[in-house]
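Peer 1: Would you be able to build a 3D model of this:
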Amino acid sequence: MTTAPKDAQRKLLDLQALDTRLAKLAHQRRTLPVLAALQELEGRGEDVHRAQVEARTVAADTRRELARSEADVEQVRSRAARHQATLDAGQGVSRELLALQNELAQLGERQSVLEEIELEIMERLETAEKQVAELEAQEKAIAGDREQHIADRDAAFAEIDAEAEKLNAQRAELAGEVDAELLDLYEYARSRTGGLGVVALHGHRTEGVSIDFSLSELSAIDTAAEDEVLVSEEHGYVLVRLDDGETSGRA
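Peer 2: Numbering: from 1, shown residues only. Next comes the predicted model:
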């Protein structure tokens, strides 16, 4: 059986109050809305980056395709220009000149087809480059938003961490005033329950959490010495008895 003076036991309630506040701060730090916003921005940024890589690849491929198309058109134009120059000079026999005229007509048709293809490629390149520009603008906007959210997150972290540091200093000082055996009992109870180690008890009524005591527990509560440390059989909480009108919110 663990024993401790009444005032020493009540210090556990102050310690619990500090631990509860620290747990709330830790939860607040983990669940800041800005963190979810940052995660969403990072996801959007990754999506836009992937789209940007694809768009740049399409634009680069289309530029190469346009260069080949322009070369094809220029080749036909040059050949047609040479034929036209020969015709204009009137050199050669009539049969050869007639053949040149026929080929020149074919070259004209071929040039028209190639120029249509060239125009279609130019339109596709314009669309691709426009998409690249739009995605670059989106990336820039997302980067700006992310930078602002990071600044907001860091400011919130700094505020929370400063308060946590102050509370941890208070906790360390208070824990140093608690008997080691009593402190170990409290820490063990907290480890079992996930954070709640001590509960204030007013007669047979608990504060903050509802506990249904067995008849044997109620009897033990009624007959326990003032310095006896009570522990809930079912939940493992340390039970700290308070006088009528006394509250546990002293931290």
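Peer 1: Phi, psi for residue 204 please.
Peer 2: Note on residue 204: backbone dihedrals following degrees, to the nearest 10 are phi -110, psi 10.
Peer 1: how about it, what does it touch?
Peer 2: Counting by Cβ atoms under 8 Å, 6 or more residues apart in numbering, residue 204 touches 213, 218, 221. Placement of C-beta: from N, CA and C, glycine included.
Peer 1: and the residue most central in space within the chain, how far is that from residue 49?
Peer 2: Nearest to the geometric centre of the chain sits residue 39, at 1.9 Å (Cα atoms, centre = their mean). From residue 39 over to residue 49 the distance is 16 Å, taken as Cβ to Cβ, to the nearest Å.
Peer 1: again with residue 150
Peer 2: Applying Cβ to Cβ to residue 150 and residue 49 gives a distance of 18 Å.
Peer 1: Pull the number of nearby residues for residue 154.
Peer 2: Counted with other Cβ atoms under 10 Å, residues neighbouring residue 154 total 11.
Peer 1: what does residue 240 give?
Peer 2: When neighbours are defined as other Cβ under 10 Å, residue 240 has 23 of them.
Peer 1: what ranges do the helices span in the stretch 101-250 of the chain?
Peer 2: Taking DSSP state H, counting those that start in this stretch as the criterion, the stretch 101-250 of the chain contains helices spanning 180-193, 215-223.
Peer 1: As a markdown table, those with mean pLDDT and mean neighbour count would be great.
Peer 2: Formatted as a markdown table, the helices of the stretch 101-250 of the chain follow (pLDDT from 0 to 100; neighbours: other Cβ atoms under 10 Å):
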| stretch | mean pLDDT | mean neighbour count |
| --- | --- | --- |
| helix 180-193 | 92 | 16 |
| helix 215-223 | 90 | 12 |
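Peer 1: As JSON lines, the ones you listed with distance to residue 130 would be great.
Peer 2: Below are the helices of the stretch 101-250 of the chain laid out as JSON lines (distance: least, Cβ to Cβ, whole Å):
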{"stretch": "helix 180-193", "distance to residue 130": "61"}
{"stretch": "helix 215-223", "distance to residue 130": "76"}
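Peer 1: With respect to residue 78, which of these lies nearest?
Peer 2: Smallest distance to residue 78 across the helices of the stretch 101-250 of the chain (Cβ to Cβ): 86.8 Å, for helix 180-193.
Peer 1: List the contacts of that closest one.
Peer 2: By Cβ under 8 Å, 6+ apart, the list of residues contacting helix 180-193 from outside reads 2, 4, 8-9, 12, 15-16, 19, 175, 178, 196-198, 229, 231, 235-238.
Peer 1: Give me the nearest residue to residue 241, chain neighbours excluded.
Peer 2: residue 201 (5.0 Å; Cβ to Cβ, 6 or more residues apart in numbering).
Peer 1: ditto for residue 209
Peer 2: Spatial nearest neighbour of residue 209, excluding adjacent residues (Cβ to Cβ, 6+ apart): residue 199 at 5.7 Å.
Peer 1: Output the below-cut-off pLDDT ranges for this protein.
Peer 2: Across the chain, the ranges flagged by pLDDT under 70 are 90-93, 245-251.
Peer 1: still on that earlier bit, next step: the contacts of helix 180-193 restricted to strands.
Peer 2: Taking DSSP state E as the definition of strands, those contribute 198, 231, 238.
Peer 1: quick one: contacts for the second one?
Peer 2: For residue 231, the contact set (Cβ under 8 Å, 6+ apart) comprises 185, 189, 237-239.
Peer 1: For it, name its beta-bridge partners.
Peer 2: Beta bridges link residue 231 to residue 238, judged by DSSP bridges.
Peer 1: for residue 234, phi and psi?
Peer 2: phi -80, psi -40.
Peer 1: ok, it touching residue 210?
Peer 2: No - Residue 234 is not in contact with residue 210 according to Cβ atoms under 8 Å; the separation is 11.7 Å.
Peer 1: If anything else comes up later, I'll come back, but that's it for now.
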